[in-house]
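Asker: Pasting a predicted model and its sequence here:
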Amino acid sequence: MTSSSGRPYAAAHFTLELDGADAVGLFRSIEGGGMRADVATYQTGGSPLRARQLGKPKYDDLKLQVGMALSQPFARWIADFLAGRGPRRTGAIVAADFSHAERARRELTGAVITELTFPKLDASDHAGASLGIGIAVEAIAMAPGDPTRKLPPPNGLDAQKRWTASRFRFRVDGLESACARVARIDGFTVKQAMVEHHVGGALAPIKVPGAVEFPNLACYVPEPDAQPFADALASRRAPLTGALECFDAAGRTLFELGYRGAAVVGVVPERCDASSEDIKLVKVELCTEAMEFRYPP
């Protein structure tokens, strides 16, 4: 007979602990965080036999999908990532059964955010939106959960549903009138490369954050509004500042992503088609030097 603690359970209830804090935000999905090791094969002389030995352990990155029900510690972690500070965190992925009793844990050491993906925003898309977050870890340890401890109930689901892809405002300071009718913004990802530093006889390497790479921003405006951007490109107007702001259904700010050191690098009209009834849009592309994440209490 098997004990109750060893029974299978559904994977619908989970959370992330961060530096000892329980229920840091509410996540739509968590994947990755596995452990594996390469196998080295040796053959001695003319012997047909081959010996195999495990190499250094490797830990897969975590991939999170989160809405806008973030806790303040997690929001500060995102803000520090964009600022280039790259703080390390300890924590755990906690899985629970249908009654929210803790069943399993994956303890994380040296967790660092490596990428932040913002979804495509479209004024005609009323589907829910979420952030994609990649996290690299130095070590993972699997441990049984404490069945006497229960996860908090998922009260943040309503807050997660507040963010839809159609509620946003894109602003370029000095070109506000041209940005009044932005119809769409392409998704983009901010990345930070990790450098592995091998020390002495340690099995796992130390992961050191590298430079943060900020992507270009691409927005789409009606063709009558594109002339100010074309003038800014022709005059090499820089640096520009601005922000991407997202709202809930009541018009409250969910978050603001500010950018600076920007310049218009492309103004490209969309393809013309005689059979199309869509509004003619022009793609405006801006390069950026830095970004700042602001999440209100």
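Answerer: Cool, the structure landed.

Asker: show me where the stretch 51-200 of the chain has strands.
Answerer: Ranges of strands in the stretch 51-200 of the chain, per DSSP state E, counting those that start in this stretch, are 62-66, 89-96, 102-118, 121-122, 131-136, 139-144, 168-172, 184-185, 188-197.

Asker: Could you give the average pLDDT over the first one?
Answerer: By that I understand strand 62-66. Across strand 62-66, the average pLDDT comes to 90.

Asker: Any chance of TSV for the strands of the stretch 51-200 of the chain, columns distance to residue 294 and mean neighbour count?
Answerer: C-beta: built from backbone N, CA, C; applies to glycine. Shown next, in TSV, are the strands of the stretch 51-200 of the chain (distance: least, Cβ to Cβ, whole Å; neighbours: other Cβ atoms under 10 Å):
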stretch	distance to residue 294	mean neighbour count
strand 62-66	16	19
strand 89-96	20	20
strand 102-118	14	20
strand 121-122	17	20
strand 131-136	14	20
strand 139-144	32	14
strand 168-172	13	20
strand 184-185	17	20
strand 188-197	15	15
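
Asker: Just send those back as a markdown table, with distance to residue 282 too.
Answerer: Converted to a markdown table, the strands of the stretch 51-200 of the chain look like this (distance: least, Cβ to Cβ, whole Å):
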| stretch | distance to residue 282 |
| --- | --- |
| strand 62-66 | 31 |
| strand 89-96 | 42 |
| strand 102-118 | 21 |
| strand 121-122 | 16 |
| strand 131-136 | 27 |
| strand 139-144 | 47 |
| strand 168-172 | 14 |
| strand 184-185 | 11 |
| strand 188-197 | 18 |
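
Asker: between these, which gets nearest to residue 233?
Answerer: Residue 233 lies closest to strand 168-172 among the strands of the stretch 51-200 of the chain, at 12.2 Å (Cβ to Cβ).

Asker: picking up where we left off before, closest one to residue 276 among the strands of the stretch 51-200 of the chain?
Answerer: Across the strands of the stretch 51-200 of the chain, closest to residue 276 is strand 184-185 (Cβ to Cβ), at 15.4 Å.

Asker: Could you point out which of the strands of the stretch 51-200 of the chain sits nearest residue 48?
Answerer: strand 188-197 (35.5 Å).

Asker: just to revisit the earlier point, looking at the strands of the stretch 51-200 of the chain, which is nearest to residue 293?
Answerer: strand 102-118 (8.1 Å).

Asker: Paired strands for the closest one, with orientation please.
Answerer: Strand 102-118 sits in its sheet next to strand 89-96 (antiparallel), strand 131-136 (antiparallel), strand 139-144 (antiparallel), strand 188-197 (antiparallel), going by DSSP bridges.

Asker: Quick check: residue 229 is in a helix.
Answerer: Yes - looking at residue 229 with DSSP: H, G, I helix; E, B strand; the rest coil, it is inside a helix.

Asker: Could you report the pLDDT at it?
Answerer: For residue 229, the predicted pLDDT is 96.

Asker: residues contacting it?
Answerer: Contacts for residue 229 (Cβ atoms under 8 Å, 6 or more residues apart in numbering) come out as 175, 178, 221, 264, 267, 282, 284.

Asker: Now with 10 Å, please.
Answerer: Counting by Cβ atoms under 10 Å, 6 or more residues apart in numbering, residue 229 touches 172, 175, 178-179, 219, 221, 237, 264, 266-267, 282-286.

Asker: re the thing from before, out of the strands paired with strand 102-118, which comes closest to residue 81?
Answerer: strand 188-197 (6.9 Å).

Asker: Figure out how far that closest one is from the centre of its chain.
Answerer: 12 Å (Cα atoms, centre = their mean, to the nearest Å).

Asker: related to what we said a few turns ago, can the strands paired with strand 102-118 go into a markdown table with extra columns for distance to residue 44?
Answerer: Shown next, in a markdown table, are the strands paired with strand 102-118 (distance: least, Cβ to Cβ, whole Å):
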| stretch | distance to residue 44 |
| --- | --- |
| strand 89-96 | 42 |
| strand 131-136 | 37 |
| strand 139-144 | 33 |
| strand 188-197 | 30 |
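
Asker: Switch the ones you listed over to CSV; also include mean pLDDT and distance to residue 120.
Answerer: Shown next, in CSV, are these (pLDDT from 0 to 100; distance: least, Cβ to Cβ, whole Å):
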stretch, mean pLDDT, distance to residue 120
strand 89-96, 86, 28
strand 131-136, 93, 12
strand 139-144, 88, 32
strand 188-197, 90, 9
